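1. Model the structure of this input:
(one chain, ligands or ions: 1)
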Amino acid sequence: MSTSAPTVLIVDDEAKSRDRLACLLAPGGYETTSAASGEEALSSVASEAPDLILIAQTMPGIDGCQVASILKADPATENIPIIMVTGVEDTGMRQAGLEAGAEEFLSKPVDPTELGLRVRNLLRLKDMGDLEDQVLVLEQKIAARTADLLRFRTAMNATPDALMLVSRDTMRFVEVNDTTCAMLGYTRAEMLSLGPVALGAATHDELEAMFEPTPGGRIKPRLSEVTLHCKDGGVVDVEIHRQALLSGNDWIIVSVVRDITERRVAQQILQYQASHDVLTGLPNRAWFYEALHGTVRATHSASPSVAVVFLDLDRFKNVNDTLGHAMGDELLVQFSARLATCVGERDTVARLGGDEFGLILMLDQDPAHAATVAGRIAEVLYPPFNLRGFEVIVTASVGITVHPQDGADPEVLIKYADTAMYEAKQAGRDTYRFFTAQMNADALQRQDLEHALRKAVENEEFELYYQPKLLLGADTIVGVEALLRWDRPGHGLVSPGLFVPVLEETGLIVRVGRWVIDTACRQIKAWSLHATGAVQVSVNIAGRQFAEGDLEGDVLRALAAHDVPAALLELELTETSLMINTERTMQCLSNLRAHGIQVSVDDFGTGYSSLAYLRRFPIDKLKIDIAFIRDVTTNADDAAIVNAIITMAHSLNVQVVAEGVETPAQKAFLLAHGCDQIQGYLVSRPLPAHLVTSLMALHAAKVPVSAAA
Ligand SMILES: Nc1nc2c(ncn2[C@@H]2O[C@H](COP(=O)(O)O[C@H]3[C@@H](O)[C@H](n4cnc5c(=O)[nH]c(N)nc54)O[C@@H]3COP(=O)(O)O)[C@@H](O)[C@H]2O)c(=O)[nH]1
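-> Residues are numbered from 1 along each chain as shown. Have a look, this model is predicted:
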């Protein structure tokens, strides 16, 4: 509704009438305009619509009725009230005017009071009509806005993500969806009284930073992962995608918030699996290395010094081999639990792989604390492990190195701990060793030896020497033992006592052992073709040759390749190698023996087996270890043991060879007690094949063999 003066358009072809009407309306405060014809009236309305029209019914050209019907037919002008002014009091004319759309009639001469009343009433009615129209328009707008809002809310609530709109002015939420409320446990009203800062979603500064444009003038969206606080005190991990937007004249931040609890849990599980050992639940090697790097970096703040400890279970392989892998696993699980009780809260225990474990110990003051822990480990290992009814006793070898005294680099510390552990093994197991500089020198030397041995295998730097065995009583050479020799370039002959253990540890013995068998068979053949005649040759077989190689195949192939009778080859095995991998070893020996190959047990007496135990194996000979022969003539115990071995072996139909016989007195003792053969420096040192050939020739010519040696 207009607040300015109402406008009235006066239409009449007579100027006098127009003026009179204008005069009559002036006191009412109306603003009047005039038109002299129907055409002029229509154009005036088109340019500016009046609030009311006073129009003469009869006019030349377009008359009052025509103007009325045109205006009433147009929605833009249909609401303008029209008073038709007529000079003719005629019912037909009046009816035509009403039909054309005029609201009122006035007769000329127009009564001023009536004119005033009719104009006022019609304008009031029009105002009311305008108001209704406006209310209607407003209602329509409100309905449209409500529908918009509903659509917006429905859309917001339809997404599984939480949506939050934040006003920049207040830094509070101005709109949130149902998911937000469900996620955080607040009602919508409660949410609208809060802001992102209160939920822990961001700091005020971080939110303000959202509005900083890039150098190119863009407001960039941001992605972040945070933990939101819920109403009940709980938390929820979320990923928030934020974008600052201009909404009308206000800036808002639109945040799309996604619950990533499941993703985080999955990540944590993956992380755990990547850093922990599945079997024992202990941290794994990768984690241990990472922890050691971190500890060494922080040593000065965390602890003045740190011990790195490597631990290896002794003869764990035996448990796997004899009781099976499931029992081996069970042992590792039980051991891990015991090990964890040996360290403090700040220390680390990890499984490095197999039966190898690593510890990082915080040594507040005293490096000897590491020795205390090693002692505790020995103690917790003392009670036997119960593996589904089987009682198993286990010991461990422990190597310790201390940072920063021994080294600063984690890799070096790990190497040193490993070296110290190796030394503990070498010292007889079930003990611990602190790393020393000498150990490092030894380790480097061993590394050098290992490297040179690998080259020796490639370059075929090995040779076989042979040591004769004498048949007691007859004093004839009945065989020889093949002994490996290595002429190391630049070093000369290296003692087998030094390099054979390295060949065994590295597994190179499998390849070298195959070469020994082949070379021995070639030599048997050579002697068979020589005047000396056939000679039985025994070769030493290492335990790993049973476990890893194809010993049976190697032996049969060598015999066939050199066309050698099986009876001329003897295999010498230590008691220990017989006890490892028992089933496989026994099967292999039985098969070879079935081909006629002889089997002898070397170094007898140094292991823990009894003769009764050895009966299970298909063996032909026992070689009494040099340790019992050395003092056999002076030590009553050794004499008794040797005597007992000879008697028991004979009762089992097994021949006896005495090793390391150096004196005629030893020989006499052994002859007197029924020993079958002797081997030792008294007969001959190990010799190259051609010298053994000469020795056998001399022997055949009845030259005393001791003189030839
Ligand atoms: N798996 C393999 N092991 C092998 C092979 N060749 C040798 N070896 C083993 O190396 C160890 C040391 O051997 P070696 O230095 O050759 O010593 C042998 C003899 O020289 C020594 N011996 C012989 N008689 C005497 C003696 O009167 N006194 C004395 N002090 N030593 C003597 O004994 C060694 C032979 O021992 P054994 O094998 O137990 O019969 C040694 O363990 C070898 O077995 C190989 O090819 N494979």
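
2. Help me confirm that Ile393 comes into contact with Pro384.
-> Yes: counting by Cβ atoms under 8 Å, Pro384 is a contact partner of Ile393 at 5.0 Å. Backbone N, C-alpha and C define where each C-beta goes, glycine included.

3. near the ligand, which residues of the protein?
-> Contact residues (Cβ under 6 Å from any ligand atom) of the chain with the ligand: 467, 481, 483-484, 495-497, 500, 509, 513, 516, 540, 542, 602-603, 626, 659-660, 662, 680-681, 686.

4. Filter those down to the buried ones and hand me the ChimeraX line.
-> Buried residues within the residues of the chain next to the ligand, by 16 or more other Cβ atoms under 10 Å, are selected in ChimeraX with:
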select :467,481,483,484,496,500,509,513,516,540,542,602,603,626,659,660,680,686
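
5. now stretch 182-200: how far from the chain's centre is it?
-> Here stretch 182-200 is found 36 Å from its chain centre; the criterion is Cα atoms, centre = their mean, to the nearest Å.

6. Now it: buried residues?
-> Buried residues in stretch 182-200, counted by 16+ other Cβ under 10 Å: 183-184, 186, 191, 194-197, 199.

7. Pull up the distance across it, start to finish.
-> End-to-end span of stretch 182-200 (Cα to Cα, to the nearest Å): 17 Å.

8. what's the average pLDDT for it?
-> For stretch 182-200, mean pLDDT rounds to 95.

9. So which of the buried residues of stretch 182-200 are in helices?
-> Counted as lying in helices by DSSP state H, out of these, are 183-184, 191, 196-197, 199.

10. nearest to Leu71, of those residues?
-> Using Cβ to Cβ, the shortest approach to Leu71 within those belongs to Met191, at 55.5 Å.

11. ok, the closest one touching Glu175?
-> No: if you go by Cβ under 8 Å, Met191 and Glu175 don't touch, sitting 9.1 Å apart.

12. so what sits against both of the two?
-> The contact sets of Met191 and Glu175 overlap at Met164 (Cβ atoms under 8 Å, 6 or more residues apart in numbering).

13. hang on, His292 in a helix?
-> That one is not His; residue 292 is Leu. Yes: counting by DSSP: H, G, I helix; E, B strand; the rest coil, Leu292 falls inside a helix.

14. residues in contact with whatever residue of the stretch 251-400 of the chain ends up closest to the ligand?
-> Residue nearest to the ligand within the stretch 251-400 of the chain: Lys317 (18.5 Å; Cβ to the nearest ligand atom). Counting by Cβ under 8 Å, 6+ apart, Lys317 touches Ile580.

15. returning to that earlier point: and the furthest pair within the buried residues of stretch 182-200?
-> Spatial extent of those (Cβ to Cβ) is set by the pair Met183 and Val197 at 17.4 Å.

16. so the residue lying closest to His369 once chain neighbours are set aside bridges to which residues?
-> For His369, ignoring the flanking residues on the chain, the nearest one in space by Cβ to Cβ, 6 or more residues apart in numbering is Leu363 at 5.2 Å. According to DSSP bridges, the partner residues bridging Leu363 are Ser305.

17. Any idea how many residues pack against Leu363?
-> Residues near Leu363, counting by other Cβ atoms under 10 Å, number 20.

18. pretty sure it contacts Pro304?
-> Yes: look at Leu363 against Pro304 with Cβ under 8 Å: they come within range, at 7.3 Å.

19. element containing Asp603, please.
-> Under the criterion of DSSP states H and E, Asp603 resides in strand 598-604.

20. Which elements pack onto that strand?
-> Strand 598-604 sits against strand 536-541, strand 569-574, helix 575-579, helix 582-594, strand 621-624, with contacts defined as 3 or more Cβ pairs under 8 Å, 6 or more residues apart in numbering; DSSP states H and E.

21. in the stretch 451-600 of the chain, what spans have low per-residue confidence?
-> Applying pLDDT under 70 to the stretch 451-600 of the chain flags residues 581.

22. Between the two ends of stretch 186-199, how far is it?
-> 11 Å.

23. Just the residues contacting that stretch, thanks.
-> The contact list for stretch 186-199, computed with Cβ under 8 Å, 6+ apart, reads 164, 166, 170-176, 180-181, 184, 202-204, 207, 228-229, 231, 253, 255.
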